[in-house]
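Give me a 3D structure for the following:
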Amino acid sequence: MEFGYIVWTRKKDLIHFKGHTQQIHAVAFSPDGQRLFSGGVDEGGGRIRAWDWQTGTELWSVVAAPPGWGAWITVSPDGKIMMSTGAFVSAFWQIQETGLQREQQFEGGGRLAFSPDGECWYTAATLVIS
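Sure thing, here's the model as predicted:
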């Protein structure tokens, strides 16, 4: 089994997005369709990567979780904000051409989603309430 590859099929062609060194947990297109984002486990920590989806070229990457943890991601409908989670920590990121700028971080988190209007975000997490 190979890790670290995202394979996208288009008209019977395969484009290999090669960069992650271990499991990939999430992929998401930018709303304008120009970039593909991936989140996974890499050496050194959970990493988010951005790709030119037409060529498979990596544009940039950012460590988003500590070593041994993956990064799960979702992109807001307007394409300006990304939310990530890994190691029980979630973060909001401002998406920029050359990378991500962390805006806010908080404890907790699981699988992620934005509402269709982008005004609300949701995370599925197991909480202990006493």
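
Number of residues surrounding Gln22?
The local packing of Gln22 (other CB atoms under 10 Å) involves 15 other residues. Yep, even glycine has a C-beta here, placed from its N, CA and C like the rest.

Can you list the residue ranges for strands in this structure?
5-10, 13-18, 24-29, 35-42, 45-52, 57-65, 72-75, 81-86, 89-96, 99-107, 111-114, 121-124 (DSSP state E).

and those as TSV, adding mean pLDDT and mean neighbour count?
Below are those laid out as TSV (pLDDT from 0 to 100; neighbours: other CB atoms under 10 Å):
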stretch	mean pLDDT	mean neighbour count
strand 5-10	59	12
strand 13-18	74	14
strand 24-29	89	18
strand 35-42	90	23
strand 45-52	91	22
strand 57-65	91	18
strand 72-75	92	22
strand 81-86	90	25
strand 89-96	89	18
strand 99-107	85	13
strand 111-114	84	16
strand 121-124	79	13
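
Just the C-alpha atoms of stretch 39-49, please, in CSV.
Only the C-alpha atoms of stretch 39-49 are listed here, as CSV (Å, rounded to 0.1, in the frame of the first residue of the first chain):
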residue,chain,number,x,y,z
GLY,A,39,-4.7,17.3,4.7
GLY,A,40,-2.8,14.3,6.1
VAL,A,41,-0.1,12.8,8.2
ASP,A,42,3.4,13.7,7.3
GLU,A,43,6.8,13.4,8.9
GLY,A,44,7.0,16.4,11.3
GLY,A,45,3.2,16.6,11.8
GLY,A,46,-0.2,16.9,10.2
ARG,A,47,0.2,18.9,7.0
ILE,A,48,-2.0,20.9,4.7
ARG,A,49,-0.9,21.1,1.1
